[in-house]
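> Can you look at this prediction? I've put the sequence above it.
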Amino acid sequence: MDVPHESSLPAGLRWINRYATLDEVFYTRVRPQGLPEPRWVATSDAAAQALGWPTDWWANAEALAVFSGHALWPGMDALATVYSGHQFGVWAGQLGDGRAVWLGELLTPHGSMEVQLKGSGKTPYSRMGDGRAVLRSSIREFLCSEAMHALGLPTTRALCLVASPLPVLRETVETAAIVTRLAPSFVRFGHFEHFCHHGQPQALRRLADFVIDHHLPECRDQPHPYAALLETVVRRTAELVAQWQAVGFCHGVLNTDNMSILGLTIDYGPFGFLDAYDPAHICNHSDTQGRYSYHRQPQIALWNLHALAQALMPLIEDTDLALAALETFRSVYPQAWMRLMRAKLGLRSQEEGDAELIDDWLSLLARDRVDHTLAWRRLGRFSVDATDGAGPVRELFTDRQAFEAWASRYRQRLLRESSHDAERRAAMDRVNPKYILRNHLAEIAIRKAQAGDDDEVRRLLRVLQRPYDEQPEHEAYAALPPEWAQSIEVSCSS
Ligand code: AMP
Ligand code: MG
């Protein structure tokens, strides 16, 4: 990226910093620790747009200093927040922003947005950590945040990525980076757990009121606002996880401190998208028990919601109300999942046998280990005209007979709703992505950036920002993973 020219930022950024108006039980004021010799790796134009910034905002003379942790703009109020959480099902006690620094909250044309550096050095919550993030995991977080947004999933965003030659010790010596993240709120389930488990009911109430007043005001009008808060989080989380399952996204570390109170995907670490469809797929190499495997994500989300409910009990007071709110998951999740699956199959109407049709399709994918993304995308090329055959989707299956048996049921189902091939294909292409952030694509971009060439990160970002479009010039990014991809191990180390 070129040398900065004159300031390109809109004058008078409006920092409202509402979290900083809470008292200091909730955070500690800190200074980010700047990265030496920073360089821009990439910026997201789409994220800049969300802030109402011009796409060349990064050319502002001070931008690199701010987003590499060396300087603060007037109006920023840097702090690290405290939270706790359950990690791998076990109470972990106090955690907190150990390597993230909250810079402030901006008023944008699209609402308020908090800005946070990740990897900007130690804070009072760093425990044994160094407060840094490596370039490898920062590229993954940067790309996946923006890819998920483009796919239409609720997520924290990534504004920019800065790298440095600063050595950072993990399994090997790597180098440091900072991702700047954006979200309407970074409050996690773990923030509530913290104040409940540390016997601070007033702070707990203050935080719940803060979240309701600033982010979920509709809860205030309900007869039991705190129960309504829980139910809203249950609904949002259920919708979110249904979308993860539909797109084949595995989070990898669904600890309660990695769960957003707004139902956003947050904390991209050892995540992964499914390649071959395997319901029991474990994307996190450190997850030896498979607690966070793909098919367990809905039940784990519900487990985490129970932990949140427990933390909110001093406010809700009535067990039946809390249980009723949790119970919502059992209807919202399957309904959302069915809605998404019907859309993925290109079905407009609802029939009783749909659940079976979907289950059998997924069983076929699992049995032949068919690539999840490719299968759904190619299913969009299916024709109701039997003489046309099933098209390129058929070629993905080893057991052709089993596929044909299923295909004839699918064809009958489509005929019953007078489905039109071209219309259905267009609709299916809007929900079955062609481009996802496969591990090997991230890995190629990482290796190049580690050698000082950031072009691939930017190219990949552009491809992933249009996941549903045919991009004939980028066909290679939609291909099956190469053989060597199987040796990529993604772990908690970041
Ligand atoms: P994570 O597994 O990334 O969700 O992090 C769990 C907790 O450990 C959070 O409180 C993080 O802030 C903290 N943490 C993770 N890595 C580091 C690090 N390198 N330095 C300081 N704190 C860290
Ligand atoms: Mg985390």
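Now that the structure is in, tell me what you want to look at. Ligands and ions are numbered 1, 2, ... in the order given.
> how about the residue in the stretch 101-250 of the chain positioned nearest to ligand 2, what does it touch?
In the stretch 101-250 of the chain, no residue comes nearer to ligand 2 than residue 188, which is 7.8 Å away by C-beta to the ion. Quick note: C-beta positions are derived from backbone N, CA and C, even for glycine. Contacts for residue 188 (C-beta atoms under 8 Å, 6 or more residues apart in numbering) come out as 83, 85, 256-261, 266.
> And the helices in this protein?
Assigned by DSSP state H, the helices in the chain fall at 45-51, 63-67, 135-151, 189-197, 201-214, 225-247, 297-316, 319-345, 354-367, 372-379, 400-416, 421-429, 439-450, 455-464.
> Turn these into a markdown table, including mean pLDDT, mean neighbour count and distance to ligand 1.
As requested, the helices of the chain are exported to a markdown table (pLDDT from 0 to 100; neighbours: other C-beta atoms under 10 Å; distance: least, C-beta to the nearest ligand atom, whole Å):
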| stretch | mean pLDDT | mean neighbour count | distance to ligand 1 |
| --- | --- | --- | --- |
| helix 45-51 | 97 | 18 | 21 |
| helix 63-67 | 97 | 21 | 19 |
| helix 135-151 | 98 | 25 | 9 |
| helix 189-197 | 98 | 26 | 8 |
| helix 201-214 | 98 | 18 | 17 |
| helix 225-247 | 99 | 23 | 17 |
| helix 297-316 | 98 | 20 | 13 |
| helix 319-345 | 98 | 17 | 23 |
| helix 354-367 | 98 | 16 | 30 |
| helix 372-379 | 98 | 22 | 26 |
| helix 400-416 | 97 | 15 | 40 |
| helix 421-429 | 98 | 16 | 35 |
| helix 439-450 | 98 | 20 | 17 |
| helix 455-464 | 98 | 19 | 21 |
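> nearest to residue 181, of the ones you listed?
Distance to residue 181, taken as C-beta to C-beta, is lowest for helix 135-151 among those, at 7.0 Å.
> any idea how far the most far-flung residue of the chain relative to its centre is from ligand 2?
What lies farthest from the middle of the chain is residue 387; by C-alpha atoms, centre = their mean that is 41.9 Å. Here residue 387 is placed at a distance of 54 Å from ligand 2 (C-beta to the ion, to the nearest Å).
> Could you do residue 73 as well?
Distance from residue 73 to ligand 2, by C-beta to the ion: 26 Å.
> Any idea how many residues pack against that residue?
16 (other C-beta atoms under 10 Å).
> Same question for the one 3 residues further on.
A total of 21 residues lie near residue 76 under the criterion other C-beta under 10 Å.
> what's the answer for the one 4 residues further on, then?
Here the count is done by other C-beta under 10 Å, and residue 80 has 24 residues near it.
> strands paired with the longest strand seen in the chain, and their directions?
Under DSSP state E, the strand in the chain containing the largest number of residues is strand 157-169. In the sheet, strand 157-169 lines up against strand 39-43 (antiparallel), strand 173-183 (antiparallel) (DSSP bridges).
> can I get those in CSV with mean neighbour count?
Shown next, in CSV, are the strands paired with strand 157-169 (neighbours: other C-beta atoms under 10 Å):
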stretch, mean neighbour count
strand 39-43, 22
strand 173-183, 23
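> need these in JSON lines with mean pLDDT and distance to residue 29, can you?
Converted to JSON lines, these look like this (pLDDT from 0 to 100; distance: least, C-beta to C-beta, whole Å):
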{"stretch": "strand 39-43", "mean pLDDT": "98", "distance to residue 29": "27"}
{"stretch": "strand 173-183", "mean pLDDT": "98", "distance to residue 29": "19"}
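> will you turn the ones you listed into JSON lines that also has distance to residue 334?
Supplementary listing: those in JSON lines, determined by distance: least, C-beta to C-beta, whole Å:
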{"stretch": "strand 39-43", "distance to residue 334": "38"}
{"stretch": "strand 173-183", "distance to residue 334": "28"}
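> And the residue nearest the centre of the chain, how close does it get to residue 456?
For the chain, the residue nearest the mean C-alpha position is residue 265 (3.3 Å; C-alpha atoms, centre = their mean). Using C-beta to C-beta, to the nearest Å, residue 265 is found at 24 Å from residue 456.
> Tell me the residues on this protein that lie near ligand 2, please.
258, 267 (C-beta under 5 Å from the ion).
> Do you know the pLDDT at residue 8?
Residue 8 is assigned a predicted lDDT (pLDDT) of 69.
> returning to that earlier point: looking at strand pairing, list the partners for the residue of the stretch 101-250 of the chain closest to ligand 2.
For residue 188, the beta-bridge partners are residue 260 (DSSP bridges).
> What does the pLDDT read for residue 493?
88.
> Let me see the contact set for it.
Taking C-beta under 8 Å, 6+ apart, one finds 137, 170-171, 286 in contact with residue 493.
> try residue 236
154, 262-263.
> Distance to ligand 1 and neighbour count added to those, as a markdown table?
A markdown table is the format used below for the contacts of residue 236 (distance: C-beta to the nearest ligand atom, whole Å; neighbours: other C-beta atoms under 10 Å):
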| residue | distance to ligand 1 | neighbour count |
| --- | --- | --- |
| 154 | 18 | 18 |
| 262 | 17 | 21 |
| 263 | 18 | 21 |
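> Show me which of those residues is closest to residue 277.
residue 154 (23.6 Å).
> Now do the closest residue to the closest one other than its chain neighbours: how many residues are near it, please.
Nearest non-adjacent residue to residue 154, counting by C-beta to C-beta, 6 or more residues apart in numbering: residue 264, 4.8 Å away. By other C-beta under 10 Å, the residues close to residue 264 number 24.
> Please apply the same query to the one 4 residues further on.
Using other C-beta under 10 Å as the criterion, residue 268 is surrounded by 28 other residues.
> sorry, back to before: among the contacts of residue 493, who's most crowded?
Neighbour-wise, those (other C-beta under 10 Å) top out at residue 137, 25 neighbours.
> My guess is that one contacts residue 450. True?
No. If you go by C-beta atoms under 8 Å, residue 137 and residue 450 don't touch, sitting 12.0 Å apart.
> ok, now which ones touch the residue of the chain at minimum distance from ligand 2?
Residue nearest to ligand 2 within the chain (C-beta to the ion): residue 267, separated by 3.9 Å. Applying C-beta under 8 Å, 6+ apart, one finds that residue 267 lies in contact with 253, 257-258.
> let's see 6 Å
When contacts are counted by C-beta atoms under 6 Å, 6 or more residues apart in numbering, residue 267 is found next to residue 258.
> next one: the one 3 residues further on
Applying C-beta under 6 Å, 6+ apart to residue 270 gives the contacts 252, 284, 490-492.
> switch the cut-off to 10 Å
Counting by C-beta atoms under 10 Å, 6 or more residues apart in numbering, residue 270 touches 137, 140, 250-253, 282-287, 292, 439, 489-494.
> Just the buried ones from these, in ChimeraX syntax?
Restricted to buried positions by 16 or more other C-beta atoms under 10 Å, the ChimeraX selection for those reads:
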select :137,140,250,251,252,253,282,283,284,286,287,292,439,490,491,493,494
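> taking the contacts of residue 270 one by one, which sit in strands?
Counting by DSSP E, the contacts of residue 270 contribute residue 250 to strands.
> Would you mark the buried spots in stretch 125-137?
By 16+ other C-beta under 10 Å, the buried positions in stretch 125-137 come out as 125-126, 131-137.
> Centre of the chain to it, how far?
20 Å (C-alpha atoms, centre = their mean, to the nearest Å).
> From here on, call the first residue 747.
Yes, from this point I'll number from 747; that puts the last item at stretch 871-883.
> Now do the end-to-end distance for that stretch.
End-to-end distance of stretch 871-883: 20 Å, with C-alpha to C-alpha, to the nearest Å as the criterion.
> Likewise for stretch 788-801?
End-to-end distance for stretch 788-801: 12 Å, by C-alpha to C-alpha.
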